[in-house]
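S.K.: Below is the sequence, then the predicted model.
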Amino acid sequence: MKALEQLMEKMKPNKDAKFPLAYWVWDGTYTFLFTPGHVTKKGVHVRDAVDLKRTMFTVIIALLPALLFGIWNTGHQHYLALGEFTALNEGFMDKVIFGLIKVLPLVVVSYGVGLGIEFIFCSINKHPIQEGFLVSGMLIPLCMPVEVPLWMVAVATAFAVVIGKEVFGGTGMNILNPALTARAFLFFAYPTKMSGNAVWVSTDVDQGQQVVDSFSGATALGNLAETVGKPVGDAANDSILAMFSTDGMYSLYNSFMGFIPGSVGETSAVAILIGAAILLITGIGSWRIMLSMLLGGLAMGYIFNAFAVNDFMTLDPIHQIMLGGFMFGMVFMATDPVSAAQTNKGKWIYGFLAGFLAIMIRVFNPAYPEGVMMAILFMNVMAPTIDHFVVQSNINKRMKRAKVATA
Amino acid sequence: MSKTVKIRKGADLNLVGTADKVSASVSSKTFVVKPTDFHNVTPKLLVKVGHEVKAGTPLFFDKYSDRVKFSSPVSGEVIEINRGEKRKLLEIKILADQEIKYAEATPKTGSREEVVQTLCDNGLWPFIKQRPYDVIARPEDTPKAIHVSAFDTNPLAADKDFVLHGREADFQNGLDVLAKLTDGKVHLNVHASKTTSDVFLKAKNVEINTFYGPHPSGNVGVQVHHVDPVNKGEKVWVVSPEGVAQIGKFFATGQYDASRVVALAGSMVEKPKYFKTLQGAEVGSILEGNLKAGDTRVVSGSVLTGEQIQADGYLGFYDSTITVIPEGKDPQFLGWIAPNFNKFSFSRTFFSWLMPGKQYNLNTNTNGEPRALVVTGQYEHVFPMEIYPQYLIKAMITEDIEKMEGLGVFEVAPEDFALAEFSCTSKMPLQDIVRESLDLMQKEVG
């Protein structure tokens, strides 16, 4: 390692150049390879071993199960559409290879564009690259439909980094979660490419292959949205509801395991829960936010059950939160410490409302099946206000105490 | 009413090299008084190079609070006066006599004013610090209470039980003197399990408050916050137990006895133990032959709050601990992902949380570079006050005076943020930020 270190030292570019892009790229690479030998100067003489790099990479490790499952599931859904390898244990390698071909470009484009822009901003502002985008860059492909064109991923990533983050002052200053900003941007700018029935499952066919007749391409939430507007038990909904029964395509088991169409990383509750366990054990994800958001989602689900006027509202709340991006948003998006509420009390309120609103938007406005995205972004905006009131109550308490003391 | 307070937030840093409870006498040749130990004091010299001084002879006074004088710990000759940039006074060095000669003094204990004057004239006043702002108290003020913390929870810090062993009379006498300075109470804050000495537990005429829990429960600011917090416009005075004993001895005998038992600790010390010396002693004579080979850092005070000194530097006025730890100048390959079983972290991204009893040998490496504030809830975890530390820090960075007042700036001192600074993922210099803000507040609010 000494040799590598010396090699790096030899390559060190000039920091004081007019546009020191080369230096900051070098610096980013060097600090990636080596935790620098910097020592404390004033204040504490010893420092905790954790730094932002380790924090961020822990999140990436937590995202890996969802990524790996997403790769397999992309292939699985594709072959389901073709009517080949329909059993879960068939064609594992084919499915993985197909998934890799589809998913890896998304990841590469997201990181390439995002890190490129970050390095340019670093050179302008003359500060080292911050690790924040490492996580955003992984979240962006995982929350996209697999058939989204790569140029749109590039545009969305650029939008998220520049408008979502850098205009506020970079890492740590943003109001909205950058990955959700990217997704929301595409959702509103190119709605046909981000929703509907054509984007969730790859139907690329080779010669001699063809899509089976029964294939619809819709997601569970897309199907459920069609039940809205008809009374509970309407016969027209029977075929849809059958898909959510125990042996239907969207059975609780299938939605929990993730064998359903959806954005790349969001389908498998199991994979996401493994990630959640990593985040909770390491203490990096806020358990307050995850728990309160889960409770919020369930609460809304039960309220809908009690006052159901259509079949969507009668869906079992546990089943409800397994669908769509709820679990993924709860574990990886809502817990982003920068855009979430920052006080412990605030985190409870923030999480609960995010879960509550996610289910509400999803059911009340079928045009936005991804209620989770809207709910979290909305709560991102509200978070500073929630914190303001929590902090203000502390201030008021202190002022009151001072008044009593002087009276 | 005595209070019992359970501190739940915070943590003890378990480091290698606790001082064994045996003490040896050591005689240093030279001693210094560092005006920089006294924050915000502008020193005006009373002596020149070549002057003969006695133990207790004033060396300088504060230009802006001219009653407060600072005394020599030993008798001898002033041999050097060192200045830094802009002629800032750094050190007054004294070559000690073989036998200490004490300046003559007659302590007066009649009225409160006589006590104050005696303390000021004889260089004992600097032991009395105040909250807010963590600076030396002003003799014109009357505090609402005086607090003495009888234990130190900083990593490897000297055990106050051991340091004050056998000084019951001095300590009690000091408490009685302090009682004359306030209309309120004198609080002696002890730890439920760490404090065992009768010097503290049998002290009379004071409120004895009992604290449970880990560091920073020993920080007097934390104690004040839980017993009777400082409000705007109020003053609370705090004195270290060593200071109380020294004041007590002076009022009993008229001697400025600066002797102090000091812990030499840390992983780079061969045989960590206690030494009997005087405040301001040269540490070279203490470290001699007792250091392990390697690049070391010597700290006067604890690793969280102390000040780096040279291996032939001098003990700080308020310090009872000398800590020696290794420097950490080596880069680590892929340090962000390596398991690092030997590194310590409050976060559970390392394995230290699975080994709660393990002692760690920490070096001075920052373990990463400064970053924007991203992680939340981390300061709260080690900050046992009803204060939102991250919001307070942000108000400090933006110099928002009104916000700082509301968020409790009058109740904190830099040392209260030391543990948060240690744990900070973004490697922020919190103690510096707090110190600068307290100075700003003192200037703006007074």
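M.R.: Noted; the coordinates are in hand. Numbering: from 1, shown residues only, chains lettered A, B, ... in the order given.

S.K.: neighbours of the closest residue to residue B:420 other than its chain neighbours, just the number please.
M.R.: With Cβ to Cβ, 6 or more residues apart in numbering or on different chains as the criterion, residue B:420 has its nearest non-adjacent residue at 4.1 Å, and that residue is residue B:379. Where C-beta positions appear, they are placed from N, C-alpha and C, glycine not excepted. A count of nearby residues for residue B:379, using other Cβ atoms under 10 Å in any protein chain shown, gives 25.

S.K.: helix, strand or coil for residue B:379?
M.R.: helix (DSSP: H, G, I helix; E, B strand; the rest coil).

S.K.: so it sits right up against residue B:424, yeah?
M.R.: Yes. The pair residue B:379 and residue B:424 qualifies as a contact (Cβ atoms under 8 Å) at a distance of 7.3 Å.

S.K.: Next up, identify which helix or strand residue A:352 is on.
M.R.: When elements are defined using DSSP states H and E, residue A:352 is found to belong to helix A:344-364.

S.K.: And chain B, is that helix touching that?
M.R.: Yes. Helix A:344-364 is in contact with chain B by Cβ under 8 Å from any Cβ of the partner chain, via A:344, A:347.

S.K.: if we can go back for a sec, report the set of residues contacting both of residue B:379 and residue B:424.
M.R.: residue B:430 (Cβ atoms under 8 Å, 6 or more residues apart in numbering or on different chains).

S.K.: how much distance is there from the helix holding residue A:352 to the middle of the chain?
M.R.: Relative to the centre of its chain, helix A:344-364 is centred 16 Å away, using Cα atoms, centre = their mean, to the nearest Å.

S.K.: Give the other helices and strands that that helix contacts.
M.R.: If you count contacts as 3 or more Cβ pairs under 8 Å, 6 or more residues apart in numbering or on different chains; DSSP states H and E, helix A:344-364 packs onto helix A:287-306, helix A:317-322, helix A:326-328, helix A:371-406.

S.K.: buried stuff in it?
M.R.: In terms of neighbour count (16 or more other Cβ atoms under 10 Å in any protein chain shown), helix A:344-364 has its buried residues at A:345-363.

S.K.: cool, and stretch B:232-252?
M.R.: The neighbour-count criterion (16+ other Cβ under 10 Å) identifies B:232, B:234-252 as the buried residues of stretch B:232-252.

S.K.: again, but for stretch A:29-43
M.R.: Judged by neighbour count (16+ other Cβ under 10 Å), stretch A:29-43 contains these buried residues: A:30, A:31, A:32, A:33, A:34, A:35, A:36, A:38, A:39, A:40, A:43.

S.K.: biggest separation within the residues you listed, which pair?
M.R.: The two members of the buried residues of stretch A:29-43 with the most space between them (Cβ to Cβ) are A:33 and A:43, at 27.3 Å.

S.K.: What parts of the stretch 1-150 of chain B come near chain A?
M.R.: Contact residues, the stretch 1-150 of chain B versus chain A (Cβ under 8 Å from any Cβ): residue B:13.

S.K.: circling back: take the buried residues of stretch A:29-43 and keep only those in helices.
M.R.: Taking DSSP state H as the definition of helices, the buried residues of stretch A:29-43 contribute A:30, A:31, A:32, A:33.

S.K.: give the contact list for the last one.
M.R.: Contacts were defined as Cβ under 8 Å, 6+ apart; by that measure residue A:33 touches A:4, A:5, A:8, B:333, B:334.

S.K.: 10 Å - rerun?
M.R.: With contact taken as Cβ atoms under 10 Å, 6 or more residues apart in numbering or on different chains, residue A:33 is in contact with A:1, A:4, A:5, A:8, B:331, B:332, B:333, B:334, B:335, B:336.

S.K.: For chain B, what's the nearest residue on chain A?
M.R.: For chain A, the residue positioned closest to chain B under Cβ to the nearest Cβ is residue A:51, at a distance of 2.4 Å.

S.K.: so that residue touches residue B:340, yeah?
M.R.: No. Look at residue A:51 against residue B:340 with Cβ atoms under 10 Å: they stay out of range, at 11.5 Å.

S.K.: Find me the pLDDT at the residue of chain A closest to chain B, would you?
M.R.: With respect to pLDDT, residue A:51 scores 89.

S.K.: Could you report the neighbour count for it?
M.R.: In terms of burial, residue A:51 registers 27 neighbours under the definition other Cβ under 10 Å.

S.K.: who touches it in this structure?
M.R.: Applying Cβ under 10 Å, 6+ apart, the residues contacting residue A:51 are A:31, A:35, A:131, B:335-336, B:345, B:347, B:349, B:366-371, B:424-427.

S.K.: quick one on the thing from earlier: which neighbours do residue A:51 and residue B:340 have in common?
M.R.: The contact lists of residue A:51 and residue B:340 share A:35, B:349, B:367, where a contact means Cβ under 10 Å, 6+ apart.

S.K.: Look up phi and psi at the second one.
M.R.: Put plainly, it is residue B:349. Summarising the backbone geometry of residue B:349 under the convention degrees, to the nearest 10, its torsions are phi -80, psi -10.

S.K.: got a pLDDT number for it?
M.R.: With respect to pLDDT, residue B:349 has a value of 85.

S.K.: again, but for the first one
M.R.: Looking at residue A:35, its pLDDT reads 82.

S.K.: For it, which non-adjacent residue is spatially closest?
M.R.: residue B:335 (3.0 Å).

S.K.: and the residue of the stretch 151-300 of chain B found nearest chain A, what does it touch?
M.R.: Closest approach between the stretch 151-300 of chain B and chain A, counting by Cβ to the nearest Cβ: residue B:231, at 4.0 Å. The neighbourhood of residue B:231, defined by Cβ under 10 Å, 6+ apart, consists of A:398-399, A:401-406, B:132, B:144, B:408, B:410-411.

S.K.: now it, what's its secondary structure?
M.R.: Classified using three-state DSSP, residue B:231 is coil.

S.K.: Which positions in the stretch 201-350 of chain A make contact with chain B?
M.R.: Near chain B, the residues belonging to the stretch 201-350 of chain A are A:278, A:280-284, A:286, A:288, A:336-338, A:340-344, A:346-347 when assessed by Cβ under 10 Å from any Cβ of the partner chain.

S.K.: Repeat the analysis, applying 7 Å as the threshold.
M.R.: Proximity of the stretch 201-350 of chain A to chain B, by Cβ under 7 Å from any Cβ of the partner chain, involves residues A:281, A:282, A:283, A:284, A:286, A:337, A:338, A:342, A:343, A:344.

S.K.: Could you pick out which of these are located in strands?
M.R.: Restricting these to those inside strands, with DSSP state E as the criterion, leaves an empty set.

S.K.: mind checking the end-to-end distance for stretch B:397-416?
M.R.: Its first and final residues considered, stretch B:397-416 spans 17 Å by Cα to Cα, to the nearest Å.

S.K.: so, in contact with chain A or not, that stretch?
M.R.: Yes. Legend: contact between stretch B:397-416 and chain A by Cβ under 7 Å from any Cβ is shown at B:406, B:407, B:408.

S.K.: Good, wrapping up.
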